[in-house]
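K.L.:
following is a predicted model, sequence given first.
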Amino acid sequence: MREADRSRSVARGPGEPRPASEAHPVTEVVLTVEQPDIPPAAELRRTLTERLADLGHGTLDVLHLVCGEFLANAREHGGGLRGLRVWRTSTASVLLVEVDDHNPGDPVVKPKDVEAVTGRGMFLVQTLALAWGAIPHAGGKTVWALVPCEPV
């Protein structure tokens with residue numbers, strides 16, 4: 001299991017680099033949507049698959065899982081979803097996902113429990129992402145993850 005980057009940092013202005021993008025500067029916007037234009041999960045998966053057709057199915061599966069978990073957590077625990085961004089980075093094998101919500105509290109990674117019906121999402125994100133974290137800011141937070149990717 002990879003160690004997740006859970007460092008908190010001070011809020012930054014729009015367009016300023018995030019901790020994740022300092023190590024992997026963003027080079028191309030794959031998708032950016034703001035509330036109320038966030039699509040349903042199936043439409044989001046289709047759009048990401050179309051826009052990232054050069055990536056393998058394993059990468060897309062991980063990306064879909066990370067985005068889906070972040071969106072579900074924003075809706076269920078984050079006081080609502082504010083926005084979503086997916087970026088290609090200067091490191092060809094890394095994508096950056098960012099999701100904004102209204103709750104400044106950290107996401108919770110629950111201990112592995114094979115009996116639990118829910119609560120595995122952030123454990124899976126922590127396991128599959130290269131790094132992830134949360135950045136508090138006025139009105140909520142941005143949760144981010146670095147997703148490893150391989151071209152087809």
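P.N.:
Structure's in. What do you need?

K.L.:
which SS class is the spatially most central residue of the chain?
P.N.:
Geometric centre of the chain, nearest residue: V97, 3.7 Å, by C-alpha atoms, centre = their mean. Under DSSP: H, G, I helix; E, B strand; the rest coil, V97 falls in the strand class.

K.L.:
the residue lying closest to it once chain neighbours are set aside in helix, strand or coil?
P.N.:
Spatial nearest neighbour of V97, excluding adjacent residues (C-beta to C-beta, 6 or more residues apart in numbering): A145 at 4.9 Å. Just so you know, the C-beta spots here come from the backbone N, C-alpha and C atoms, and that holds for glycine as well. Here A145 is strand, with the state taken from three-state DSSP.

K.L.:
what's opposite A145 in the beta bridge?
P.N.:
V97, W132 (DSSP bridges).

K.L.:
so it sits against L124, correct?
P.N.:
No. Counting by C-beta atoms under 8 Å, A145 does not reach L124; the two are 10.8 Å apart.

K.L.:
these two: which has the busier surroundings?
P.N.:
A145 (26 against 15; other C-beta atoms under 10 Å).

K.L.:
for that one, give me its contacts.
P.N.:
Neighbouring residues of A145 by C-beta atoms under 8 Å, 6 or more residues apart in numbering: 20, 66, 70, 96-97, 125, 129-132.

K.L.:
quickly find the element holding the residue nearest to A41 when sequence neighbours are not counted.
P.N.:
Closest residue to A41 apart from its sequence neighbours, by C-beta to C-beta, 6+ apart: G68 at 5.7 Å. Counting by DSSP states H and E, the element that carries G68 is helix 57-76.

K.L.:
beyond the helix or strand bottoming out on mean pLDDT in the chain, next helix or strand please.
P.N.:
When each helix and strand of the chain is scored by mean pLDDT, DSSP states H and E, helix 19-23 comes last, with a mean of 63. For helix 19-23, the following helix or strand on the C-terminal side (DSSP H and E) is strand 26-34.

K.L.:
ok, V62 to E115 distance?
P.N.:
25 Å (C-beta to C-beta, to the nearest Å).

K.L.:
the two - which one has more neighbours?
P.N.:
Between V62 and E115, counting by other C-beta under 10 Å, V62 is the more crowded of the two (22 against 4).
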